[in-house]
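**Student:** any chance you can model this:
(one chain, ligands or ions: 1)
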Amino acid sequence: MDRIRIGGGRPLNGQIAISGAKNATLPLMIASLLSAETLSLTNVPNLADVNTLSRILGNHGVDVTIAGKRAGESPDHGRTLRLSAAEIVDTTAPYELVSRMRASFWVLGPLLGRCHEARVSLPGGCAIGTRPVDLFLDGCRALGARVELDGGYVVASAKGGLKGADYVFPKVSVGATHTLMMAATLARGRTRLINAACEPEVSDVAACLNKMGAQISGIDTPELVIDGVERLHGTSHGVLPDRIETGTYAMAVAATGGDVYLTGTRADLLESVIEVIKSTGTQVEATNDGLRVSRNGAGLKPVTVSTAPYPEFPTDMQAQLMALMTLAEGDSQITETIFENRFMHVQELARLGADISLDGETATVHGGPSLNGAEVMATDLRASVSLVIAGLAASGETIINRVYHLDRGFERLEQKLAACGADIERLTS
Ligand code: EPZ
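**Tutor:** Okay, here's the model as predicted:
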């Protein structure tokens, strides 16, 4: 299993190109199930999750091709994926595939919308919490589907097709919003999804669906109105920049000090994160093509932050912020309100010398001037990258085990950081 070795204590200086967003790419790929014509996605990051989902969609009959790079094109431009679901050959998403990647459960929506039936394995829990699917099932029922659980599978059918309806999410869910929005594009009549997730990735998928001929309004608001259409057609869509990757590198610079220009991204996608980083005493400046982040000398100030649905501070940045706050001058309080078990990084950060106490959903981080390198273990994607941030700032050597978690969501992480002066390498075995 690959490991990452970091020699800590070096400031980051230079430029990092931000990739397309993983959490937009995955539902965009799933949206290809809705049309018999080709969906072409550009700015697609080269990630393990994208490859896994390609195989899962292949099982349903989607033909996925990855266009090669043209001469002179840099690896920063992302890849082009062409997905053609001319015929859905199988409406079952089996356990052995869904258990590899939770988001593949979202095929439920488009399969139900287009084929009027779906049999999708329950995804099960994961390292960050129990993650139930009740909202998906209730929402599909609201659209007229008959939904049953059978042997660990969700079996859903809608003879004659789905019917538009109002559905009020009792809790904001990104995945259930994606799934029901996709299903409703091919339902008869109007659907209103109320208290829907407003994450930029949901808006990106909605914009792509509209290019495919869907009629979705209320994009960027918690009330999506979807007027069903007979069929969707092919289109080409560029994936929006990854706001979590952007925020992660911004926090890495805040941790190590230095001056880095993050290109190909947008400050408006992560205002709450930028505000928190600025409040630590780090400079963040929005530019035409991204963000410039710098910190020289001055100590980091502690913060009090709670995670919440967009536009508030994202749960996917909580671990990285915690790593940063271990270096602050004073106590920070970080509350996780989205996932009940997303603190696996706490014990690993402690191996580097961090002093963090947990009380329910709140972590108090007793900041100190230094961390010391150690051998640690990645537990999930964002937890892993919090260890990278801590390792970059720690003195001495840090070895991160189980880096396959990182490969699910961070493209060319070692290369991007090494280009800015970090002493980081992958140890392959
Ligand atoms: C998406 O997961 C993201 N995944 C997650 O990113 C992200 O952490 C999460 O949204 C929150 O922003 C992708 O986009 C692929 P939710 P999702 O449904 O959709 C509860 C990463 O590291 N809930 O918005 O699975 C749920 O348990 C990841 O990139 C129900 O109770 O998250 C949680 O407490 C990991 N019933 C809350 O809602 C349901 O039926 C929000 O989860 C569905 C969800």
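**Student:** ok, for the closest residue to the ligand within the stretch 101-250 of the chain, nearest residue in space, not its chain neighbours?
**Tutor:** Using Cβ to the nearest ligand atom, the closest approach of the stretch 101-250 of the chain to the ligand is made by Gly175 at 2.9 Å. No exception for glycine: its C-beta is placed from N, CA and C like everyone else's. In space, and not counting its chain neighbours, Gly175 is closest to Trp106: 5.7 Å by Cβ to Cβ, 6 or more residues apart in numbering.
**Student:** which residues are in contact with the one you found?
**Tutor:** If you count contacts by Cβ atoms under 8 Å, 6 or more residues apart in numbering, Trp106 has them with Leu26, Pro27, Ile30, Gly175, His178, Thr179, Met182.
**Student:** same check on Gly189?
**Tutor:** Contacts of Gly189 (Cβ under 8 Å, 6+ apart): Lys163, Gly164, Asp227, Gly228.
**Student:** recalculate using a threshold of 6 Å.
**Tutor:** The neighbourhood of Gly189, defined by Cβ atoms under 6 Å, 6 or more residues apart in numbering, consists of Gly164, Gly228.
**Student:** and if you look at the one 10 residues further on?
**Tutor:** By Cβ under 6 Å, 6+ apart, the residues touching Glu199 are Val174, Tyr310.
**Student:** for it, give its distance to Arg5.
**Tutor:** 34 Å (Cβ to Cβ, to the nearest Å).
**Student:** check Leu97 too.
**Tutor:** From Leu97 over to Arg5 the distance is 33 Å, taken as Cβ to Cβ.
**Student:** looking at these two, which is more packed in?
**Tutor:** A count of neighbours by other Cβ atoms under 10 Å puts Leu97 above the other of Leu97 and Arg5, at 21 against 17.
**Student:** any idea which helix or strand carries that one?
**Tutor:** Here Leu97 sits within helix 95-98, counting by DSSP states H and E.
**Student:** now that helix: buried residues?
**Tutor:** Burial within helix 95-98, assessed by neighbour count using 16 or more other Cβ atoms under 10 Å, is assigned to Tyr95, Leu97, Val98.
**Student:** now do it: which elements does it pack against?
**Tutor:** Using 3 or more Cβ pairs under 6 Å, 6 or more residues apart in numbering; DSSP states H and E, no helix or strand is in contact with helix 95-98.
**Student:** state the mean pLDDT of it.
**Tutor:** Helix 95-98 carries an average pLDDT of 92.
**Student:** excluding its backbone neighbours, what's nearest Met344?
**Tutor:** Nearest non-adjacent residue to Met344, counting by Cβ to Cβ, 6+ apart: Thr379, 3.9 Å away.
**Student:** just Leu224 next, same as before
**Tutor:** Leu193 (4.4 Å).
**Student:** so what's the residue count around Asp150?
**Tutor:** Per other Cβ under 10 Å, the neighbour tally for Asp150 reads 8.
**Student:** is it in a bridge, and if so with what?
**Tutor:** Listed beta-bridge partners, Asp150: Tyr153 (assigned using DSSP bridges).
**Student:** start the count at 495, not 1, going forward
**Tutor:** Sounds good: first residue 495 from here, last item Asp644.
**Student:** up against the ligand, what does the protein have?
**Tutor:** 517, 520, 597, 623, 625-630, 665, 667-670, 808-810, 832-833, 875-876, 903 (Cβ under 6 Å from any ligand atom).
**Student:** phi and psi next, for the nearest residue to Leu591 once chain neighbours are set aside.
**Tutor:** The shortest distance from Leu591 to any non-neighbouring residue, by Cβ to Cβ, 6+ apart, is to Ile550 (4.7 Å). Backbone torsions for Ile550, taken as degrees, to the nearest 10, come to phi -60, psi -40.
**Student:** okay, Ile550: pLDDT?
**Tutor:** On pLDDT, Ile550 comes in at 95.
**Student:** how near is it to the ligand?
**Tutor:** Going from Ile550 to the ligand by Cβ to the nearest ligand atom, to the nearest Å gives 13 Å.
**Student:** before we move on, the earlier item: helix or strand: which one has the residue of the stretch 595-744 of the chain closest to the ligand?
**Tutor:** Per DSSP H and E: helix 668-679 holds Gly669.
**Student:** which is the next helix or strand following that helix?
**Tutor:** Once the chain leaves helix 668-679, the next helix or strand it forms, by DSSP H and E, is strand 684-688.
**Student:** pretty sure Pro735 sits against Ile510.
**Tutor:** No: using Cβ atoms under 6 Å, Pro735 is not in contact with Ile510, being 11.7 Å away.
**Student:** more crowded one of the two?
**Tutor:** Higher neighbour count among Pro735 and Ile510: Ile510, with 29 against 25, using other Cβ under 10 Å.
**Student:** sec struct for that one, please.
**Tutor:** Ile510 falls in the strand class when you classify it by DSSP: H, G, I helix; E, B strand; the rest coil.
**Student:** what's the pLDDT at it?
**Tutor:** pLDDT at Ile510 comes out at 97.
**Student:** quick one: it from Leu756, how far?
**Tutor:** 5 Å.
**Student:** likewise Thr742?
**Tutor:** Distance from Thr742 to Leu756, by Cβ to Cβ: 10 Å.
**Student:** same check on Ala916?
**Tutor:** 15 Å.
**Student:** got it, and Tyr804?
**Tutor:** Noted for Tyr804: a distance of 19 Å to Leu756, by Cβ to Cβ.
**Student:** picking that back up, who are the contact partners of the residue nearest to Leu718?
**Tutor:** Neighbours of Leu687 in contact, by Cβ under 6 Å, 6+ apart: Tyr661, Leu674, Leu718.
**Student:** now do 8 Å
**Tutor:** Gly633, Tyr661, Phe663, Thr671, Leu674, Met675, Ala678, Glu717, Leu718, Ile720.
**Student:** what about the fifth one, neighbour count?
**Tutor:** Applying other Cβ under 10 Å, we find 32 other residues in the vicinity of Leu674.
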